[in-house]
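[1] need a structure here:
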Amino acid sequence: MSLEELYHSALRGVDELRGFELLASLSRLHRLQGSDEIVVAAEHVAQLFDELGIEYRFENLQGPLGLHEYWGFWEPRGWVLSHASLEARDSGRWRTIVSSEETPIVAIAGSPPGSAEGVLRLGEAPIAAVNGFSQALYYSMLEEGVAAVVAFHLGPGIRYWGLYPPHFLSPPSVPAISVPGRDALSLVGEKVRVSVESSYNTLSKTPILRAQIGEGNAAITLVSHICHPRPGSHDNASGVAVLVETLASLTRFAKDFTEKGVRVEALIVPEWTGTAAAHIYELLVPAQILGGLSVDMVAARLSETSGILRLVRSPPPLLNVLDPVLDTVLSLKDRENYGSSTPYEPGSDHDILLSLGAPASMLNEWPDRFYHTNLDTPDHISVNRLKSISSSLAASILYTVKKPVEALVEKLRNSTYPQAIDDSTEYGKLIGYGLEYGSARLKRILRGEEPPAPSWPRDLEVKKRLPTQGYLYLSGYKELAKEFTKNRKRYEAFLIYSIVASGTESTSIAEKFLRIMGIDVSDREKSIARKFIEGEISLRTG
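    Just a heads-up that it's a prediction; the model follows:
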């Protein structure tokens, strides 16, 4: 069957109203990592899988998982919010400016309880107003003696940020909230009161929902993160809905997958932490993944969110067999909204798969003017596009499983990587490595064998992956973490270098990729990344 025929066959198995109903239901839950409501959300999806007759496994991992021993992040504490507010002193009385009764996003996720009164100042004690928020910034504010942190952003709505203090450190004691930029700036120099009523629960929850269609040693692996605060419709109830409808469409082809020795597996998990935990607990086997895809923020009314649909490619030489096929289908079936495939960038669960050496990409829509705010609501989602994207993804998987090596080699040169034809360039050489290794890897996995050793030079003994700003701050690299907080692009460059180096076990490949992309990482930052990956840097928990 042609791609066109596969698309129309997949279309018949998608119920866009069912998908939208799921999205709307998830949007009513405050799906913070570590919380009770994220478990409720995962259970709701599991029940839908049950109704659809899709095989699944549900694990609710509780308490500290020790992710920091292997990764540059940690699972969050369990956290319960009762109330949060910002008040201003007005004519001898306190006037409420914003509270969690309007939206729970007012409380920065994981904020400790506490109440503080004082003059609001930009970046200074006693009450510090800061444009933006990060773990590193928060801990640096503690060192400067602030009594509370009031984060703001200058876009629409109230912005979501997370603190998520580690299990292995004493919890911080300074409350942190998020407010609209206009409110924060208008109150600078005025007396305010910040209040957060919350509590920590050491039995934090990490739900892992793994669904599967077909049986086989080889896997097409899809991931959608179910976390994010209420409403979180585009980010990322939409990805979960598309993933569920994709599987629903593929159920009719389970025997075909099994005959090919391939399973289509889907993970619905907390972002990063859930995918990392799935690997540690052997619910995810990178050496069996033919191609991976993170479905993160899709099916929006793009005229309202101001974004475009993008396929963020897997970086060469870790070529993803799904990329050229999905690129082709989206170009045909969503051409008005699809911008094209783009070079690799970090930001979701594809990073975890890549750092484990598995080729992985991301399907998402960016930018979104309502991103991480209380305005990310279901009314910005298109039911028709939910159906189209689910069908496009299902058709791409059907085509790829039918002839994976041909999908990688033949369609690659015609769609995603026009530079692949020119082997004289550095980019062409990376593609060459990828074609040679990718083809051999696909054949070995399909035979039930271990992937071959890459042909490129490797110089890393990988022990840890994904250094983050919070981890750098807590491991003693405070100044670098602060610099990254001020310069997001610089931090992303450091992260790209670390992920590509980890996934390829090669600093030379990582350096070539960054050079081709025009991305700069200093020698000092490369050295820190290498020490981190090889396990020479650890958290200071004393």
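
[2] And N131, what's its pLDDT?
    You'll see N131 listed with a pLDDT of 96.

[3] That one pairs with what?
    With DSSP bridges as the criterion, the beta-bridge partners of N131 are F152.

[4] Verify the stated contact: it with V150.
    No: here N131 does not reach V150: they are 10.4 Å apart, not a contact under Cβ atoms under 8 Å. C-beta coordinates here come from the backbone N, C-alpha and C atoms, glycine included.

[5] who's more crowded, those two?
    When neighbours are counted by other Cβ atoms under 10 Å, N131 and V150 differ, and V150 comes out ahead with 27 against 13.

[6] Now the helix or strand hosting the more buried one: buried residues?
    Per DSSP states H and E: V150 is located in strand 148-153. Applying a neighbour-count criterion of 16 or more other Cβ atoms under 10 Å, the buried positions in strand 148-153 are 148-153.

[7] Which member of those is positioned nearest R159?
    H153 (4.2 Å; Cβ to Cβ).

[8] mind listing what the closest one touches?
    The contact partners of H153, by Cβ atoms under 8 Å, 6 or more residues apart in numbering, come to 131-132, 159, 178, 181.

[9] and with 7 Å instead?
    Contact partners of H153, counting by Cβ atoms under 7 Å, 6 or more residues apart in numbering, are 131-132, 159, 181.

[10] Take the residues you listed and, keeping just the buried ones, write it as a PyMOL select command.
    Burial among the contacts of H153 is assessed by 16+ other Cβ under 10 Å; the matching PyMOL selection reads:
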select buried, resi 159+181
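
[11] got the contacts of H153 as JSON lines, with distance to A42 columns?
    Formatted as JSON lines, the entries for the contacts of H153 read as follows, by distance: Cβ to Cβ, whole Å:
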{"residue": "N131", "distance to A42": "34"}
{"residue": "G132", "distance to A42": "30"}
{"residue": "R159", "distance to A42": "25"}
{"residue": "G181", "distance to A42": "34"}
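
[12] between the contacts of H153, which is closest to V383?
    Closest approach to V383 among these (Cβ to Cβ): R159, at 27.4 Å.

[13] hang on, the earlier thing: what's the first helix or strand after the strand holding V150?
    strand 176-180.

[14] and that next one, what other elements does it pack with?
    Contacts of strand 176-180 with other secondary structure elements, assessed using 3 or more Cβ pairs under 7 Å, 6 or more residues apart in numbering; DSSP states H and E, are made with strand 78-90, strand 148-153.

[15] Within its sheet, name the partner strands of the longest one and how each one runs.
    So that's strand 78-90. Using DSSP bridges, the strands paired with strand 78-90 are strand 93-99 (antiparallel), strand 191-201 (antiparallel).

[16] Quick one: residues in contact with that strand.
    Residues outside strand 78-90 that contact it (Cβ under 7 Å, 6+ apart): 32, 34-35, 94-100, 104, 106-107, 110, 150, 177, 179, 187, 190-205.

[17] One more pass at 6 Å, please.
    The list of residues contacting strand 78-90 from outside it, by Cβ atoms under 6 Å, 6 or more residues apart in numbering, reads 34, 94-100, 104, 106-107, 110, 177, 179, 187, 190-201, 203-204.

[18] Please apply the same query to stretch 431-450.
    For stretch 431-450, the external contacting residues (Cβ under 6 Å, 6+ apart) are 217-218, 261, 290, 316-317, 319, 404-405, 408, 417, 420, 423, 451-452, 454, 456.

[19] Go ahead and produce CSV holding the CA coordinates of the strand holding V150.
    In CSV, the C-alpha atoms belonging to strand 148-153 read as follows (Å, rounded to 0.1, in the frame of the first residue of the first chain):
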residue,chain,number,x,y,z
ALA,A,148,9.9,35.2,49.4
VAL,A,149,10.2,35.0,45.6
VAL,A,150,7.6,36.5,43.2
ALA,A,151,8.3,35.3,39.7
PHE,A,152,6.6,37.0,36.7
HIS,A,153,6.6,37.0,32.9
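
[20] any idea of the mean pLDDT in that strand?
    For strand 148-153, the per-residue pLDDT averages 97.

[21] Over to stretch 392-399?
    96.

[22] Tell me the gap between that stretch and the middle of its chain.
    When C-alpha coordinates are averaged (Cα atoms, centre = their mean, to the nearest Å), stretch 392-399 and its chain have centres 22 Å apart.

[23] Any buried residues in it, and which?
    Within stretch 392-399, judged by 16+ other Cβ under 10 Å, the buried ones are 392-399.

[24] And stretch 51-59, by the same measure?
    Taking 16+ other Cβ under 10 Å as the neighbour-count basis, stretch 51-59 is seen to contain the buried residues 52, 54-56, 58-59.

[25] same question, stretch 78-90
    Within stretch 78-90, the residues that count as buried by 16+ other Cβ under 10 Å are 78-79, 81, 84-88.

[26] Tell me the one of the residues you listed nearest L356?
    Distances from those to L356 were compared by Cβ to Cβ; the smallest belongs to G78, at 27.0 Å.

[27] Give the bridge partners for that closest one, please.
    Following DSSP bridges, G78 is listed with bridge partners N201.

[28] Check the gap between it and D36 for me.
    Spatial separation of G78 from D36 under the definition Cβ to Cβ, to the nearest Å is 8 Å.

[29] A strand includes G535, no?
    No: with DSSP: H, G, I helix; E, B strand; the rest coil as the criterion, G535 is assigned coil and is not in a strand.

[30] Let me know the secondary structure of the closest residue to it other than its chain neighbours.
    Across the structure, with Cβ to Cβ, 6 or more residues apart in numbering as the measure, the residue nearest G535 apart from its sequence neighbours is K463 (3.5 Å). On the three-state scheme (three-state DSSP), K463 is labelled coil.
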